[in-house]
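Engineer: model the following, please.
(2 chains)
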There are 2 protein chains.
Amino acid sequence: MTEKSAQRRPGGRTARNRENVLRATAEVLLHEGYEHLTVARVAAAAQVAETTVYRRWPSKAHLAADALSELARTDNPIPDTGTLEGDLRALLGQILALIERPEVRRVILTVVSLATDDDEVVAAKVAFWESRFVGAAAIVIRAVERGELAPESDPYELIEDLVAPTYFRLLVTGRPLDDRLVDRSVELALSRQGICAAPVPGRPASPSADD
Amino acid sequence: MTEKSAQRRPGGRTARNRENVLRATAEVLLHEGYEHLTVARVAAAAQVAETTVYRRWPSKAHLAADALSELARTDNPIPDTGTLEGDLRALLGQILALIERPEVRRVILTVVSLATDDDEVVAAKVAFWESRFVGAAAIVIRAVERGELAPESDPYELIEDLVAPTYFRLLVTGRPLDDRLVDRSVELALSRQGICAAPVPGRPASPSADD
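Structural biologist: Predicted coordinates for the structure are as follows:
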């Protein structure tokens, strides 16, 4: 087998192996947690040799990052609603739906608590987030094409503005992840770009008139 | 109310005991980590009975929250620079200086990773953050008095806008905590209050004097 070209353009057995390994990794991550993840277990479940796993994923951290990227691509696809506000609202809504699943929440908390002095872990985390932000860049590119955003807009900063309050509540303050958070976060991300979000029907614009 | 304030602001031996217990707790937290914190150890170090500790702090989680609140009050006092922008910049600068200390960073990561299914832990976390936001409310009150903010401004939301990107980078993406982050975060918090403080329908654009 010409392993290198197969790796470059994976089809057939290589693609199936990759899929099986990532599925086995996600199974362990979601149902048992990162601490139970080992390359040996994943290799056995996916019916491949451990060396096959190590050839593609240098560490269990990379394996986990890749499996989570795959899950995110499936369960949190980049929306295309026709407007920037619609895209941001849909994206954050999907993220909140994911976070509501206890097993996803547990994975997030585990990943956060992983030692930041482990270079492999840090590299894997960065790789995971880069892959997510590359996807989100599509939202920005389309908004620029529609004239909703200035051409120099930074996708990373826009997405950071959108999702940071959610992660802050989830990880730090424990405040509720409710509909008002979605409204506020979309408004926040847009206001930073100089755009005012349209008030949501049936819900007071922020600041609330009832406060 | 008098009973409560007497409990909260004890004098003499009670005050000394409290101080010693919190100092001993902070010592363990910062130099060894939450996992090494026990009420027995803290009681011994502070030379008080364990029951004395339990009388005030129902769990080790509450003890840790209170010790961290005390540290925050000392090392991250609420600034009063004369302008809202100055106050926000100073506050975030202090937070970043704290986060740069590896022992503080470790405590934050530990607190974040503590089980969210433990009611004591959740209550302690909420108590810690409430105490911080009560402090930050002073910034908002002064800004309202100077006419920089509308009277209905929510201190929690303002501070969340300010600090969420910092915690998102620290805990999630690992992106750098640099000067540009401070500039962006202050801008973000202000733009949310200024540019897009759209008037609420059925309400005058400028706050009325009888508020």
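Engineer: please point out which parts of the helix or strand hosting A:Val121 sit buried.
Structural biologist: A:Val121 belongs to helix A:119-145 when elements are defined using DSSP states H and E. Applying a neighbour-count criterion of 16 or more other CB atoms under 10 Å in any protein chain shown, one finds A:121, A:123-125, A:128-129, A:131-133, A:135-137, A:139-140, A:142-144 buried in helix A:119-145. C-betas here are computed from N, CA, C, even on glycine.
Engineer: near chain B, from these?
Structural biologist: Restricting the buried residues of helix A:119-145 to those touching chain B (CB under 8 Å from any CB of the partner chain) yields A:Lys125, A:Trp129.
Engineer: what's the domain layout of chain A?
Structural biologist: A:9-58, A:68-192 (automatic domain parsing).
Engineer: one step back: show me what the helix holding A:Val121 is packed against.
Structural biologist: When contacts are defined as 3 or more CB pairs under 8 Å, 6 or more residues apart in numbering or on different chains; DSSP states H and E, helix A:119-145 sits against helix A:60-75, helix A:84-100, helix A:155-168.
Engineer: comparing those, which comes out most buried?
Structural biologist: helix A:155-168 (a mean of 23; mean count of other CB atoms under 10 Å in any protein chain shown).
Engineer: quickly check: the helix or strand just after that helix near chain B or not.
Structural biologist: Downstream of helix A:155-168, the next assigned helix or strand under DSSP H and E is helix A:179-192. Yes. Counting by CB under 8 Å from any CB, chain B has neighbours in helix A:179-192: A:Arg184, A:Glu187, A:Leu188, A:Leu190, A:Ser191, A:Arg192.
Engineer: give the rounded mean pLDDT of helix A:179-192.
Structural biologist: For helix A:179-192, mean pLDDT rounds to 88.
Engineer: give me the buried positions along it.
Structural biologist: So, applying 16+ other CB under 10 Å, buried residues of helix A:179-192: A:Leu181, A:Val182, A:Asp183, A:Arg184, A:Ser185, A:Val186, A:Glu187, A:Leu188, A:Ala189, A:Leu190, A:Ser191, A:Arg192.
Engineer: okay, the angle between it and helix B:155-168?
Structural biologist: Counting by axes from the mean of the first three to the mean of the last three CA atoms, to 10 degrees, helix A:179-192 points 70 degrees away from the direction of helix B:155-168.
Engineer: tilt between helix A:179-192 and helix A:84-100?
Structural biologist: Going by the same axes, to 10 degrees, helix A:179-192 makes 140 degrees with helix A:84-100.
Engineer: helix A:179-192 packs against which elements?
Structural biologist: helix A:84-100, helix A:155-168, helix B:179-193.
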